[in-house]
Structures are given as structure tokens and as C-alpha cells.
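[1] Can you look at this prediction? I've put the sequence above it.
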Amino acid sequence: MAKDVEKSKKLKEDGNQHFSSGNYLGAESLYSKAIIADDANPSLYTNRAMARIRLELYDSAISDCNTCIKLTGGNHLKAYFILSQCQLAIHDYDAALESALQAHRLCVETNDKSLAPVTAQVLRCKKDRWDDMEKKRAREGQELEKEAIELMERERDDMVTSCESESDRKEIAQEWDHKITMMRTMFEKSREASEKKRQVPDWAIDDISFCIMVDPVVTKTGKSYERASIVEHLRRSPTDPITREPLYISDLRPNLQLREACKEFLDENGWAVDW
């Protein structure tokens with residue numbers, strides 16, 4: 001079918017009006033018609049994806065984003081940003097984080113003004129992914145406790161059954177009941193410690209790599225970054241990531257106080273390496 005760019009453009013504009021007014025179903029339909037008229041326009045797919053997100057059609061929105069990314073050779077910031085939102089909605093945390101990081105990379109490379117919302121999306125993905133990991137750890141701990149207690153109870157019952165006298169059976173049962181109680185207590189203490197709210201403080205997170213800093217350096221504006229991250233950024237573009245003012249590797253200074261604080265945090269919170 002021959003492309004009708006003008007028709008597609010008009011359908012897109014109408015779709016945008018429907019979207020702005022909250023008629024997402026109508027917008028989705030118009031964007032679909034616009035795509036039929038011109039299926040090579042990447043922005044049509046991201047627009048339809050946004051409408052589909054509002055309709056909670058996440059799988060279809062993901063398909064639109066992937067089509068847009070394919071059409072643009074993997075260099076469409078908005079598509080990655082929307083894709084991350086969709087993947088987060090269906091609880092595909094690893095994929096959501098990867099898409100958000102791709103959006104962030106493109107945002108930095110192109111000096112796009114949407115750095116703040118993209119950064120917020122990366123952090124949201126990491127936090128939601130972390131919360132999911134914590135829930136899985138809790139479930140695994142509960143399953144381990146159940147299996148351990150059941151194994152001890154079976155061992156107790158077998159030993160009690162093998163005893164010939166009532167007094168021996170009573171003594172063995174008491175010994176095992178005591179062991180089982182101690183085991184339950186140990187699991188309970190471990191659970192209390194692990195279930196405490198575990199958070200990685202914002203000051204420990206590098207705003208480029210989104211990992212915990214181990215060798216932070218400070219810029220002329222007083223902002224700190226992980227050395228490897230900011231050096232890599234400056235090799236690509238010698239500008240401050242926030243102000244866009246000229247910044248060179250020679251301008252960086254070690255933030256010894258922050259480095260020590262990060263070290264102390266990791267020493268006391270070994271679990272945070274998963275962050």
C-alpha cells in the first residue's frame with residue numbers, strides 16, 4: 001500500500017487531541033489508522049504505545065516500542081522510556097531497568113532535556129527490582145525454615161519410635177523439642193534482622209551508573225560521582241552532566257569523606273552489593 005503521509009499526519013494530530021482530552025481508546029484507534037497510512041513513522045508507534053499504556057494494553061505497547069526502536073536503529077529515547085514503563089507494569093524488572101538505562105544513555109549522549117524524568121525512571125526500576133528481590137528472599141527464608149523444622153520433626157519421631165521404654169521416648173522427645181524450639185528461635189531472630197527496612201541512601205548512589213559509589217569524586221559545582229562513571233562521561237563529552245558547563249577530568253577532586261561513608265555503609269550492609 002502506498003504511503004499517505006499527509007493523511008497520517010492529520011490522523012496523528014486528531015489522535016493527539018483525543019489523548020489530551022483523556023479519550024485514550026479513540027486516540028489509540030486514530031494512531032492505528034495513521035500507522036496504516038504511514039507505517040515508517042517511528043513517532044506514531046510511541047504515541048500509540050502511550051495510549052495503550054493508559055488502556056493497560058502493556059504487551060501491545062511493548063510491541064509498538066520495539067517496532068519504533070527497530071525503525072530508528074536502536075536510538076529512540078522516548079521508545080526506551082515508554083518501554084521501561086510497560087515492562088515495569090508487568091513486573092519484568094530486569095528488562096525495565098535495562099530499557100531505562102538505554103534511555104538514560106541516549107539522554108546523556110544527546111544532551112536531552114528529559115534527563116530528570118529518565119533518571120527518576122531508572123531509580124524507580126532499581127527500587128522496584130530491589131523490593132521484588134527482598135520479597136523473594138523472605139519467601140525463600142520461610143521455605144527453608146519450614147523444610148528444616150519438618151526434617152527435625154521427622155528425625156525426632158523416628159528416634160522416639162525406635163526407643164523401647166517410655167522414659168527413653170519421653171527423654172528423646174524433650175531433647176528434640178528443645179532443639180526444634182532453638183531452631184525456630186534462630187530463624188525468628190534472623191527474620192527480624194532481615195525484615196528491617198533496608199534502604200540504600202541516596203547519597204551513596206552515583207547518578208550516572210546508579211550503583212553504590214566506591215571511589216567518589218566531586219566536580220566544581222560540588223556534585224559527587226563515581227570516578228569511573230564521570231571519567232567515562234567526560235571522555236565522551238567534557239561537560240558537567242547537570243549544568244552542561246565545561247568540565248575536565250583534571251577538575252575532579254577525590255571526595256574522601258563520602259568515600260569513607262560509602263565504605264562504612266557497605267561494611268555494615270553487605271546485602272547492598274545486589275543494588
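    Cool, the structure landed.
[2] Tally up the residues packed near Ser229, please.
    20 (other C-beta atoms under 10 Å). Where C-beta positions appear, they are placed from N, C-alpha and C, glycine not excepted.
[3] which residues does it contact?
    Ser229 sits next to 206, 208-209 when contact means C-beta atoms under 8 Å, 6 or more residues apart in numbering.
[4] at 10 Å instead, please
    The contact partners of Ser229, by C-beta atoms under 10 Å, 6 or more residues apart in numbering, come to 206-211, 213, 215-217, 241.
[5] Give me the mean pLDDT for the biggest helix by length in the chain.
    Using DSSP state H, we find that the single longest helix of the chain is helix 115-162. The average pLDDT within helix 115-162 is 86.
[6] Off-centre distance for that helix?
    19 Å (C-alpha atoms, centre = their mean, to the nearest Å).
[7] re the thing from before, just the buried ones from the contacts of Ser229?
    206-211, 213, 215-217, 241 (16 or more other C-beta atoms under 10 Å).
[8] Which of these fall in strands?
    Here DSSP state E is the test, and the buried ones among the contacts of Ser229 give 216-217 as lying in strands.
[9] For Asn66, state which of the buried ones among the contacts of Ser229 is nearest.
    Nearest to Asn66 among those, counting by C-beta to C-beta, is Phe210 at 23.5 Å.
[10] Nearest to Lys33 among the contacts of Ser229?
    Distances from Lys33 to the contacts of Ser229, taken by C-beta to C-beta, are shortest for Phe210, at 39.5 Å.
[11] and the gap between the closest residue to the closest one other than its chain neighbours and Asp207?
    Spatially, and ignoring its direct neighbours in sequence, Phe210 is nearest to Val122 (5.5 Å; C-beta to C-beta, 6 or more residues apart in numbering). Using C-beta to C-beta, to the nearest Å, Val122 is found at 9 Å from Asp207.
[12] what's the answer for Asp92, then?
    Counting by C-beta to C-beta, the gap from Asp92 to Asp207 is 24 Å.
[13] by contact count, what packs against whichever strand or helix holds Asn66?
    According to DSSP states H and E, Asn66 maps onto helix 58-71. With contacts taken as 3 or more C-beta pairs under 10 Å, 6 or more residues apart in numbering; DSSP states H and E, helix 58-71 sits against helix 24-37, helix 42-54, helix 77-89, helix 93-110.
[14] sorry, back to before: mind listing the shared neighbours of Val122 and Asp207?
    Joint contacts of Val122 and Asp207 (C-beta under 10 Å, 6+ apart) are His104.
[15] list the contacts for the residue sitting furthest away from the middle of the chain?
    Computed with C-alpha atoms, centre = their mean, the residue of the chain farthest from its C-alpha average is Ser165, at 60.4 Å. Shown in contact with Ser165 (C-beta under 10 Å, 6+ apart): Glu171.
[16] And Asp240, by the same measure?
    Asp240 neighbours (C-beta under 10 Å, 6+ apart): 219-221, 223, 230, 233-234, 246-247, 251.
[17] Now it. Its backbone dihedrals?
    phi -60, psi 130 (degrees, to the nearest 10).
[18] Which residue ranges make up each domain of this protein?
    5-112, 133-194, 202-274 (automatic domain parsing).
[19] Distance to Val118 for those domains - can I get that in TSV?
    Compiled in TSV, those are given as follows (distance: least, C-beta to C-beta, whole Å):
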stretch	distance to Val118
domain 5-112	5
domain 133-194	23
domain 202-274	11
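[20] just the ones you listed: most buried one?
    domain 5-112 (a mean of 19; mean count of other C-beta atoms under 10 Å).
[21] Report the rounded mean pLDDT for it.
    Here domain 5-112 scores 95 as its mean pLDDT.
[22] Fine, thanks again, bye for now.
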